[in-house]
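Trainee: Generate a structure from the sequence data that follows.
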Amino acid sequence: MTVVVRRVAGAAAATALLCSGAVACGGGSDKGSGEKSAATTQSRSQMTQALTAAYEKTSEAKSAKVEMTMKTPSALGGGGTMKMSGTMGWDPTVMDMTMTGSALTAGDPDAPENIRMIMQDSVMYMDMGAAAAKDMDGKRWMKMDLGALAKQSGDEKLTRQMTGSLDSMNQDPAQQIAVLLDSPNLKHIGSATVDGVRTQHYKGKLTVDEMMKSNDSLKVLSESERSRLLKNVKKAGIKDYDTELWVSEDDLPVRLDVTMDSSEGAVDISEKFSDYGAAVKVDEPPASQTFDLMDMLKELGDSAGSGV
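Mentor: Residues are numbered from 1 along each chain as shown. Below is the predicted model:
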């Protein structure tokens, strides 16, 4: 497997888990330019009412155009910035996005500057570009069946976590709003203008325990599995999640930031939403232009076993 294929496969898997709500992480300290916050005026009941309306309206919208920026520290696989833009639907699960950024290209002169990623249910396809096609018999599209990959690993916990997360993708971004609603210290920061849209700005923090309790995508795990996952997350130095949300006067999210701090540094992800209800249509690449990541991993495993 080439360096670019390995790099993008890892980035795509991480992105899929992020989008599915498997880990409520993300964020960003780069707030909207020209933001002006007024004094907090909403009570807890008013905030709950406003965010519940946003949750319901977002769930009903089923799709939107999305711009996402993810920043990771160098200690996490080299780190860097990855940007994604395109259209995403959460009922049914569908995605057509283009990825760019240093997280994909750093240290690899053959890496494509941008990669188109399309997804239907649990199957993702990525256009790896001409460089990858040279090594893959002219096939430039990589297929990644995330559910099948998890099952192939033989790890029951990983399988249940990944497939359960994928099943819950229809709750994104509504899933993140639901998690924010459970924050015990939810605050209304005030009004703000984001990209020309008048919004109300909310902020909340959840501990790892609170996030795991709130995140429906983790409910597929048994109590013992959730306990082990919680232990591992805390072992990684993750303590809490900061979430910020800007909601328009139409009760729809305009921007969503969540910050996760770990012992390796902060992972920052910021999402901007527009054109709710935008149509998302995914056409799978022809088989003649597609190579399956699972088949590749199996061939590599067989070669290693035979000493080739």
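
Trainee: Helices of the protein, residue ranges please.
Mentor: For the chain, applying DSSP state H gives helices covering 3-20, 44-61, 102-105, 129-135, 146-152, 156-167, 174-181, 208-214, 223-235, 293-306.

Trainee: Lowest average confidence across these, which one?
Mentor: Least confident of the helices of the chain, judged by mean pLDDT, is helix 156-167 with a mean of 44.

Trainee: wouldn't Asn127 be in contact with Arg116 here?
Mentor: Just so we're on the same page, residue 127 is Asp rather than Asn. Yes: Asp127 lies in contact with Arg116 (C-beta atoms under 8 Å); the separation is 4.3 Å. All C-beta spots, glycine's among them, are computed from the backbone N, C-alpha and C.

Trainee: So which of those two has more stuff around it?
Mentor: Asp127 (21 against 17; other C-beta atoms under 10 Å).

Trainee: Just list whatever residues bridge to the more buried one.
Mentor: With DSSP bridges applied, Asp127 shows beta-bridge pairing to Trp141.

Trainee: Gly129 versus the closest residue to Ala130 other than its chain neighbours, what's the distance?
Mentor: Distances taken as C-beta to C-beta, 6 or more residues apart in numbering place Arg140 nearest to Ala130, at 6.8 Å, with adjacent residues excluded. Relative to Gly129, Arg140 is positioned 6 Å away (C-beta to C-beta, to the nearest Å).

Trainee: Check Asp195 too.
Mentor: 31 Å.

Trainee: For the two, indicate the residue with more neighbours.
Mentor: Ranked by neighbour count (other C-beta under 10 Å), Asp195 and Gly129 place Gly129 first, with 18 against 14.

Trainee: That one reaches Leu104, doesn't it?
Mentor: No: here Gly129 does not reach Leu104: they are 10.6 Å apart, not a contact under C-beta under 8 Å.

Trainee: intersection of neighbour lists for those two?
Mentor: Overlap of the contact sets of Gly129 and Leu104 (by C-beta atoms under 8 Å, 6 or more residues apart in numbering) consists of 112, 115.
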